[in-house]
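Trainee: this is the structure alone, sequence omitted:
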């Protein structure tokens, strides 16, 4: 594990000062070479497992491991692999969800990496968001919902006419009942495991992620990858692992046994961290695996997967900075025009076409030069534009909250409203006029409204003032915590 040198916490963030790891990521280290063996994969996986031992020994877990959570300490060929990400974002989300009734759903994390498909593929079913049910549509053209949370694959489903006979068996209800029963059985097994101190559900999720990463490092593609987020979730929750030839024909049986033990769908049946470390494939570092480098398809598959992840992350970061709400609506409309079948995803080439049509040829050209040409591969990269937009909305919301916090502090500090520590964590009813009268804050609020130019600043501020007063009255308080204030403001702005 990378050393943590200092920890600083303020009202909004926790800042870690860590050991500097300069050796690059797992993807970078492998792709800069032309030769990679199964034995080297076993060494990397062993390093990952060893990084988790102190966490699990102290009753902690990560919860959302993926290859980007690790960095090599230095550039030497035998540099150790260090865990540099501790999954704090997921933990903070779950703490907030438990503490605040109005917070996000505990079992549907609103975190960027749960929308980036190339990170979601490593998440265990215990932490993966629920699969969104596929919406039934009539054969005629139907209007797709513009909701950011619609991950339907959009395939048409035949719907019987009212006068036709219908089956007395509700298949969806039956499936729901069976799923709930299976979950109840699993909870009972978990309760038994917890009482004996043998195993925990959260730590089992880490072992699943290790297994998924081992799978990737053996064949070049992850076990549950699909073009769309909803299809990935379906595969994760089914938990079906296939060692497809010819990609696995040169991989040892010990490696397949290790991966299978880590990817057991029931966390009760999964390896624990010591089981994984004591597996023959890890103990002997794949000494009985076929000699020589892996198939050429390994590098091709890994290059394609890494390229897709880079395009996802880059595009989301650019849209966060350059697109307003109305721009994102236009982006969604253009995407749906190209996605004629309503699958919710398209190719990277289609993404470039949309960006060019919207007047951003520079972004499209960067995608070509930085990713498509640098990581050449005969296959296409598929982008789930619905998941991409959800990630953008979430990141923009967080950017808004950070910016509002800075201006909130500036206004109240300049008016002498802060305590001895210089931090203002609450807004008093007496200070409403000061905050909502600041032109910078008003401009920030108006920017969050898709139809902002058609609304009067005074009308928007009046509505927000009334909402804050009503919330304080309902709480029987004369002030409102900043987090509650921010949540209330966002809710009101979305309703405008």
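Mentor: Arrived safely. These figures come from a predicted structure and were not determined experimentally.
Trainee: what pLDDT, on average, does the lengthiest helix in the chain get?
Mentor: Identified as the longest helix of the chain according to DSSP state H is helix 385-414. For helix 385-414, mean pLDDT rounds to 90.
Trainee: show me what counts as buried in that helix.
Mentor: Buried residues in helix 385-414, defined by neighbour count with 16 or more other C-beta atoms under 10 Å: 385-396, 400-401, 404-405, 408-409, 411-412. Every residue, glycine included, has its C-beta placed from N, CA and C.
Trainee: how about stretch 81-94?
Mentor: For stretch 81-94, the neighbour count (16+ other C-beta under 10 Å) marks 81-87, 89-91, 93-94 as buried.
Trainee: what's the closest non-adjacent residue to residue 71?
Mentor: Leaving aside its sequence neighbours, residue 71 sits nearest to residue 21 (C-beta to C-beta, 6 or more residues apart in numbering; 3.8 Å).
Trainee: likewise residue 430?
Mentor: Of all residues not flanking residue 430 in the chain, residue 478 sits nearest, at 7.8 Å (C-beta to C-beta, 6+ apart).
Trainee: quick one: residues contacting that neighbour.
Mentor: Contacts for residue 478 (C-beta atoms under 8 Å, 6 or more residues apart in numbering) come out as 428-430, 472.
Trainee: and the pLDDT for it?
Mentor: With respect to pLDDT, residue 478 has a value of 91.
Trainee: returning to that earlier point: could you say what helices and strands the longest helix of the chain packs with?
Mentor: The contact analysis (3 or more C-beta pairs under 8 Å, 6 or more residues apart in numbering; DSSP states H and E) places helix 385-414 against helix 296-322, helix 325-338, strand 345-347, helix 432-436, helix 439-447, helix 482-495.
Trainee: same list, the ones you listed, but as TSV with mean neighbour count and distance to residue 37 please.
Mentor: As requested, the helices and strands packed on helix 385-414 are exported to TSV (neighbours: other C-beta atoms under 10 Å; distance: least, C-beta to C-beta, whole Å):
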stretch	mean neighbour count	distance to residue 37
helix 296-322	19	10
helix 325-338	16	41
strand 345-347	20	33
helix 432-436	18	61
helix 439-447	15	53
helix 482-495	17	50
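Trainee: mind telling me which of the ones you listed the model trusts least?
Mentor: Note on these: lowest mean pLDDT is at helix 482-495, with a mean of 87.
Trainee: off-centre distance for that helix?
Mentor: Offset of helix 482-495 from its chain centre (C-alpha atoms, centre = their mean, to the nearest Å): 23 Å.
Trainee: now residue 70, nearest residue through space, not along the chain?
Mentor: The spatial neighbour of residue 70 that comes closest, neighbours along the chain excluded (C-beta to C-beta, 6+ apart), is residue 81 at 5.2 Å.
Trainee: phi first, then psi, for that neighbour.
Mentor: With angles defined as degrees, to the nearest 10, residue 81 sits at phi -100, psi 130.
Trainee: any idea what it is bridged to?
Mentor: Beta bridges link residue 81 to residue 72, judged by DSSP bridges.
Trainee: residue 49 is in contact with that one, correct?
Mentor: No. Counting by C-beta atoms under 8 Å, residue 81 stays clear of residue 49, with 10.5 Å between them.
Trainee: residue 367 versus residue 275, what's the distance?
Mentor: From residue 275 across to residue 367, the span is 43 Å (C-beta to C-beta, to the nearest Å).
Trainee: settle it for me: which of those two has more neighbours?
Mentor: residue 367 (22 against 15; other C-beta atoms under 10 Å).
Trainee: okay, how far is it across stretch 14-28, tip to tip?
Mentor: End-to-end span of stretch 14-28 (C-alpha to C-alpha, to the nearest Å): 28 Å.
Trainee: which residues are contacting that stretch?
Mentor: Here stretch 14-28 makes contact (C-beta under 8 Å, 6+ apart) with 2-9, 29, 44, 67-68, 70-76, 79, 81-82, 84, 88, 92, 217, 302, 306.
Trainee: only the buried subset of the residues you listed, as a ChimeraX command please.
Mentor: Here is the ChimeraX selection string for the buried members of these, based on 16+ other C-beta under 10 Å:
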select :2,29,44,67,68,70,71,72,73,79,81,82,84,217,302,306
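Trainee: in helices, which of the contacts of stretch 14-28 appear?
Mentor: Of the positions in the contacts of stretch 14-28, 29, 44, 88, 92, 217, 302, 306 sit in helices, assigned by DSSP H.
Trainee: which residues of the stretch 51-200 of the chain score low on pLDDT?
Mentor: By pLDDT under 70, the weakly predicted segments of the stretch 51-200 of the chain are 94, 96-114, 131-199.
Trainee: switch to 50 and redo it
Mentor: With pLDDT under 50 as the threshold, the stretch 51-200 of the chain has low-confidence stretches at 101-104, 134-168, 195-198.
Trainee: nearest to residue 330, out of the contacts of residue 478: which one, please.
Mentor: The closest of these to residue 330 turns out to be residue 472 (C-beta to C-beta; 37.8 Å).
Trainee: contact partners for that closest one?
Mentor: Counting by C-beta under 8 Å, 6+ apart, residue 472 touches 429, 478-480.
Trainee: tell me the spacing between it and residue 485.
Mentor: Taking C-beta to C-beta, one finds residue 472 at 10 Å from residue 485.
Trainee: next one: residue 20
Mentor: Shown here: residue 20 relative to residue 485, a distance of 38 Å by C-beta to C-beta.
Trainee: repeat for residue 381
Mentor: From residue 381 to residue 485 the distance is 41 Å (C-beta to C-beta).
Trainee: pLDDT score assigned to residue 370?
Mentor: Per-residue confidence (pLDDT) for residue 370: 84.
Trainee: picking up where we left off before, can you tell me the SS state at the residue nearest to residue 71?
Mentor: Using DSSP: H, G, I helix; E, B strand; the rest coil, the structure places residue 21 in coil.
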